[in-house]
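Student: What follows is a protein structure lacking sequence information:
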Ligand code: SF4
């Protein structure tokens with residue numbers, strides 16, 4: 001691990017999300033842990049550290065880079081059919097036992113993930129944006145590891161991306177701070193939050209705090225970011241009716257227009273002691289979301305087995321406006337203003353101004369970039 005950290009420490013810059021405390025100490029403001037870090041020490045995420053002069057933040061590389069369908073993020077109300085160039089770095093502030101990206105997210109925290117350092121490629125924002133343009137991407141996304149802990153680099157990439165007409169998004173665990181959200185806001189269009197549970201006890205096991213995630217959803221929405229929320233429905237962990245109702249009521253209280261994605265778990269990493277989420281559980285969760293008053297509820301990861309919950313329906317007249325199968329858009333009926341052609345309701349979200357060119361029936365698979 002020492003070699004890995006020495007290698008990664010080189011790829012850093014002085015952090016901007018920081019409060020200097022004197023006595024060679026700094027408080028990191030990038031995530032809800034708010035680590036106070038002394039000279040020579042590291043934060044909980046391990047990738048931010050104090051070198052005796054300043055707090056350092058990861059910079060200038062990607063460890064994963066892929067052209068994904070935007071539906072894979074998942075975002076349902078941003079440019080359906082678009083390609084999202086998605087980059088990730090290394091490290092996380094959580095330690096979820098079912099993490100699907102643990103090889104990159106748990107770098108420096110789990111020795112088994114140290115091979116992830118071989119994935120590191122040094123890049124510039126210009127190179128990433130040129131890659132996005134070459135692949136026809138309309139959106140660039142920071143994901144795979146927790147983007148909050150690498151916010152400074154994401155902002156640097158997003159500045160160039162926005163100058164070139166790309167939308168910018170975060171796929172995050174939501175363990176943000178008000179300072180991080182304010183720092184990101186000028187450079188970000190959309191924020192996807194994983195709401196992993198409505199129980200603090202569960203969040204304690206994952207290494208986070210429920211109150212920070214709920215606050216992030218409220219604050220990101222209040223700041224005018226486009227927010228979508230995902231709950232991975234894990235059998236025996238967060239799939240009781242009571243907990244799903246709590247999540248749905250909370251979101252509906254923030255805004256009934258926040259799309260809620262309930263997605264299927266599969267055994268991964270350290271959580272192999274339970275079965276896949278059955279389609280009945282996802283449909284039950286989606287029905288709870290609708291009953292709680294949410295206008296847009298989606299069920300993911302079980303294509304063709306969750307009925308209408310892969311599609312976007314007009315919340316005014318009920319017409320199916322976007323039909324999907326997994327990551328593939330099959331029909332698109334919104335007009336150039338994002339309105340329903342039947343009842344004229346404008347759907348919340350970011351929609352194509354050129355609906356005739358929305359890409360339908362693509363292969364719906366990620367491509368390596
Ligand atoms: S990003 Fe979070 S975990 Fe990492 S040093 Fe900052 S406050 Fe601590």
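Tutor: Received, thanks. Because the structure is predicted, anything quoted here is derived from the model rather than measured.
Student: drop to CA atoms for contacts and neighbour counts, all remaining ones
Tutor: OK.
Student: How about the residue of the stretch 101-250 of the chain found nearest the ligand: what's its closest non-neighbour residue?
Tutor: Closest approach of the stretch 101-250 of the chain to the ligand (Cα to the nearest ligand atom) occurs at residue 149, with a separation of 4.0 Å. The shortest distance from residue 149 to any non-neighbouring residue, by Cα to Cα, 6 or more residues apart in numbering, is to residue 30 (5.7 Å).
Student: quick one: the residue of the stretch 101-250 of the chain closest to the ligand is in a strand?
Tutor: No. If the criterion is DSSP: H, G, I helix; E, B strand; the rest coil, then residue 149 is helix and not within a strand.
Student: Surely the residue nearest to residue 149 and residue 148 touch.
Tutor: Yes. Look at residue 30 against residue 148 with Cα atoms under 8 Å: they come within range, at 5.9 Å.
Student: Could you check the pLDDT of the residue nearest to residue 149?
Tutor: As predicted, residue 30 sits at a pLDDT of 98.
Student: repeat for the one 3 residues further on
Tutor: Note on residue 33: pLDDT of 97.
Student: repeat for residue 368
Tutor: For residue 368, pLDDT reads 67.
Student: Run through the neighbouring helices and strands of the helix or strand where residue 216 lies.
Tutor: Counting by DSSP states H and E, the element that carries residue 216 is helix 210-222. With contacts taken as 3 or more Cα pairs under 8 Å, 6 or more residues apart in numbering; DSSP states H and E, helix 210-222 sits against helix 178-184, strand 190-194, helix 200-206, strand 226-233.
Student: Could I get the contacting residues of the residue nearest to residue 149?
Tutor: Applying Cα atoms under 8 Å, 6 or more residues apart in numbering to residue 30 gives the contacts 17-18, 148-151, 176-177, 179-180.
Student: Was I right to think residue 197 contacts residue 203?
Tutor: Yes. Here residue 197 lies in contact with residue 203, judged by Cα under 8 Å, at a distance of 6.9 Å.
Student: Now the common contact residues for these two.
Tutor: Common neighbours of residue 197 and residue 203 (Cα under 8 Å, 6+ apart) are residue 210.
Student: of these two, who's got more company?
Tutor: Each of residue 197 and residue 203 has its neighbours counted (other Cα atoms under 10 Å); residue 197 has more, 23 against 19.
Student: How are the helices of the chain distributed by residue range?
Tutor: 2-10, 102-105, 125-134, 151-163, 178-184, 200-206, 210-222, 241-254, 279-291 (DSSP state H).
Student: Do I have it right that the residue of the stretch 101-250 of the chain closest to the ligand meets residue 94?
Tutor: No. Taking Cα under 8 Å as the definition, residue 149 is not a contact partner of residue 94, at 10.7 Å.
Student: Between these two, which has more neighbouring residues?
Tutor: Shown here are residue 149 and residue 94; by other Cα under 10 Å, residue 149 has more neighbours (30 against 23).
Student: Can you tell me which of the helices of the chain has the worst average pLDDT?
Tutor: Looking at those, the bottom one is helix 102-105 with a mean of 78.
Student: Tell me the helices and strands packed up against it.
Tutor: Counting by 3+ Cα pairs under 8 Å, 6+ apart, helix 102-105 packs on no helix or strand.
Student: and that helix with the ligand, contact?
Tutor: No. Contact of helix 102-105 with the ligand (Cα under 6 Å from any ligand atom) is absent, the minimum separation being 12.1 Å.
Student: Around the ligand, which positions in the stretch 51-200 of the chain sit nearby?
Tutor: Checking the stretch 51-200 of the chain against the ligand by Cα under 6 Å from any ligand atom, the hits are 93, 149.
Student: helices and strands of the chain: which one bottoms out on pLDDT?
Tutor: strand 367-368 (a mean of 70; mean pLDDT, DSSP states H and E).
Student: Residue 78 is in contact with residue 351, isn't it?
Tutor: Yes. Contact criterion Cα under 8 Å: residue 78 and residue 351 qualify, at 5.9 Å.
Student: Compare the two (neighbour count), which wins?
Tutor: For residue 78 versus residue 351, neighbours defined as other Cα under 10 Å are more numerous around residue 78 (22 against 19).
Student: Any idea how many residues pack against the nearest residue in space to the more buried one that is not next to it in sequence?
Tutor: Once flanking residues are discounted, residue 78 sits nearest to residue 350: 4.7 Å by Cα to Cα, 6+ apart. Other residues within reach of residue 350 by the criterion other Cα under 10 Å amount to 17.
Student: so residue 18 bridges to which residues?
Tutor: For residue 18, the beta-bridge partners are residue 28 (DSSP bridges).
Student: For it, give me the pLDDT.
Tutor: Reported pLDDT for residue 18: 98.
Student: Tell me who's in contact with it.
Tutor: Neighbours of residue 18 in contact, by Cα under 8 Å, 6+ apart: 26-30, 55.
Student: For the ligand, see how far away it is.
Tutor: Distance of residue 18 to the ligand, given as Cα to the nearest ligand atom, to the nearest Å: 8 Å.
Student: same check, this time on residue 61
Tutor: Counting by Cα to the nearest ligand atom - residue 61 and the ligand are separated by 17 Å.
Student: Find me the pLDDT at that residue, would you?
Tutor: 97.
Student: Next, count neighbours for it.
Tutor: 21.
Student: cool, residue 270 as well?
Tutor: Count around residue 270 with other Cα under 10 Å applied: 11.
Student: so it touches residue 95, yeah?
Tutor: No. Using Cα under 8 Å, residue 270 is not in contact with residue 95, being 10.1 Å away.
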